[in-house]
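J.: pasting the structure only:
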Ligand SMILES: [Zn+2]
């Protein structure tokens, strides 16, 4: 679905930027402009430099110079695409998404959208049911005793919306029946099951029974699946929702919807293996934690984490499986451009045991000291039992190469090579050669395995159908944005000034913008100015949100806020005049450049062949340039 500008404006109007950004950083202040610490992870803002203005629905950071509207905030902050940010905010405000028009190709996956929405509703209803069940349990119940034993407070139960599935074959079935939740949907997300599949009128039963329930949230807060830990002696200690249209284990990080802000604030994510690990770390005060759900770390996990931080620490159970998992995840982390560190818990303890035995402070200290995951694997895996023979050196390098050959960060790779050379007591040039050779051997092996024409690039696995669809959507959205890359400063400033000063905008419109549009050298800036004038002409009464409305239509939204810093120092009385003067100065600079370029072009023409016309034109331009300088 291509959203219309009207719909986009409606969504923006329905989501006050102050409320949205207020969830990520504390905003204080009087009047329309609020200040807070910059929430973007790449800006470690000590003093509040981040401003949000309710009147014009824009944000701007005086420190890192990011600026834009509520959509660009979510795009930059959460890594959403523009259509995703529109969808997310529309949903938040309860606005129905527009139906695709007749004849318009349906966006990939949109035919399933309604079903997905319904499945998420079923999950949500189940989550509430389990959560209320838990709260209703008496203190002496098995589940409450279990919580106490694991040190989980009411606060943690609330934060993670933990729940309880009773030892009852039809608790959820009856609940769904009374709420008229369609059983087929509940079956699709594997919450209930029919006793004899397909037998009409046959009864259903609950799949989660006698378990502590962990709802699994998407980063945007939808319940996509559940994990359940048995409270009895069920053989399956943990039971997870199977894959469903809304749940893909390899793409979800448990806890992220709650811990994302801490990961961002600390610019580091600690990755653990299970629900309880994540929750007990959180309860112990280590809040920048997420869990992978009984699966290997995937490229999708890496992509998801990258929205929050580049620094990842793997907290590994000290058993064989933990180390093997780390060895598999290292190339994925490195290929994703993440900085990977790792820490192995001693004595085959899991994080929860460790905290119980040694305290949270000790764990914090250990995590703080975590070495590079590469170094950890080198010492504990590849060099295990190493005695120093030449053939062992070759083997170690070969094993390490699997991770190294996908690395994008050359500087970091050099350090790893150096580390390996030091540990193996060989020259770094030998290590480098050996790694290169191992990569080539592997490539040769792969190219033999793969049909020639389709052989993918090394280390790249083709995107799934769904992925290519979403990539296509994202890039087409990018494509429709006006590019303001490389805009000259002065042209960017006059655009920004015009969007923040209605008097200047009105004057330009009344005087006729042709001259200004004619001298702008940057196509993107000119295009935006045309869009701004057009929209202002149509809706002169909504000048306040004009800039916010345009911010989503360009690839670098901070161009819209770039003048704010210049005019910050001006007092309110001086602002109007100060801005008018700035505008005049910039326009003159642009005029000069324009005439200079024209003169240059004409001079070239005259050099080739002078005509009376070109000579006269040239004289006129020179006269104009002179008069500009005199002004
Ligand atoms: Zn900033």
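T.: Here it is on my side, so go on. Computed from a predicted structure; not experimentally measured. Residues are numbered from 1 along each chain as shown.

J.: make it CA atoms for all contacts and neighbour counts henceforth
T.: OK.

J.: For the closest residue to residue 87 other than its chain neighbours, give me its contacts.
T.: The shortest distance from residue 87 to any residue other than its chain neighbours is 7.2 Å, reached at residue 97 (C-alpha to C-alpha, 6 or more residues apart in numbering). By C-alpha atoms under 8 Å, 6 or more residues apart in numbering, the residues touching residue 97 are 87, 90, 91.

J.: what are the phi and psi angles of residue 97?
T.: phi -70, psi 150 (degrees, to the nearest 10).

J.: So what's the residue count around the residue in the chain positioned nearest to the ion?
T.: Nearest residue of the chain to the ion: residue 64, at 4.0 Å (C-alpha to the ion). Using other C-alpha atoms under 10 Å, the number of residues around residue 64 comes to 15.

J.: One more: residue 239?
T.: Residue 239, neighbours per other C-alpha under 10 Å, totals 18.

J.: now swap in residue 359 and tell me
T.: Considering only other C-alpha under 10 Å, residue 359 is surrounded by 13 other residues.

J.: For this protein, name the helix or strand with the lowest mean pLDDT.
T.: Within the chain, no helix or strand scores below helix 465-479, which has a mean of 40 by mean pLDDT, DSSP states H and E.

J.: The helix or strand following that one: which residues count as buried?
T.: Proceeding N to C from helix 465-479, the next assigned helix or strand is helix 489-500, under DSSP states H and E. Residues 490, 491, 492, 493, 494, 495, 496, 497, 498, 499, 500 are the ones in helix 489-500 that count as buried (16 or more other C-alpha atoms under 10 Å).

J.: Would you state the secondary structure element containing residue 233?
T.: Counting by DSSP H and E, residue 233 is found in no helix or strand.

J.: Please renumber the chain so that the first residue is 44 from this point on.
T.: Okay, residue one is now 44; in that scheme the one you just asked about reads as residue 276.

J.: The residue nearest to residue 286 when sequence neighbours are not counted: how many residues sit nearby?
T.: Excluding its sequence neighbours, the residue lying closest to residue 286 (C-alpha to C-alpha, 6+ apart) is residue 292, at 6.7 Å. Counted by other C-alpha under 10 Å, the residues lying close to residue 292 total 24.

J.: closest to residue 524 among the contacts of residue 140?
T.: Closest approach between the contacts of residue 140 and residue 524, by C-alpha to C-alpha: residue 130, at 17.5 Å.

J.: and that closest one, that's in a helix?
T.: Yes. If the criterion is DSSP: H, G, I helix; E, B strand; the rest coil, then residue 130 is within a helix.

J.: just to revisit the earlier point, any idea which of the contacts of residue 140 is closest to residue 259?
T.: The closest of these to residue 259 turns out to be residue 134 (C-alpha to C-alpha; 19.4 Å).

J.: Could you give the number of residues near the closest one?
T.: Residue 134 has 13 neighbouring residues, counting by other C-alpha under 10 Å.

J.: Report pLDDT for it.
T.: Note on residue 134: pLDDT of 87.

J.: mind checking which helix or strand it is in?
T.: Assigned by DSSP H and E, residue 134 belongs to helix 125-135.

J.: mind listing what's buried in that helix?
T.: Neighbour-count burial for helix 125-135, counted by 16+ other C-alpha under 10 Å, picks out 125, 126, 127, 128, 129, 130, 131, 132, 133.

J.: Repeat that for stretch 581-601.
T.: So for stretch 581-601, counting by 16+ other C-alpha under 10 Å, buried means 586-601.

J.: returning to that earlier point: which residues touch the helix or strand following the helix holding residue 134?
T.: Per DSSP H and E, the first helix or strand lying C-terminal to helix 125-135 is helix 156-179. The contact list for helix 156-179 (C-alpha under 8 Å, 6+ apart) reads 186-187, 204-209, 215, 218, 224, 228-229, 231-232, 256, 258, 265-268, 288-289.

J.: out of the residues you listed, which are inside helices?
T.: Of the contacts of helix 156-179, the ones assigned to helices by DSSP state H are 186, 187, 215, 218, 228, 229, 231.

J.: Out of those residues, grab the one that's most surrounded.
T.: residue 215 (25 neighbours).

J.: Contact partners for the closest residue to it other than its chain neighbours?
T.: Closest residue to residue 215 apart from its sequence neighbours, by C-alpha to C-alpha, 6+ apart: residue 249 at 6.1 Å. By C-alpha under 8 Å, 6+ apart, residue 249 lies in contact with 211, 212, 213, 214, 215, 216, 234, 235, 236.
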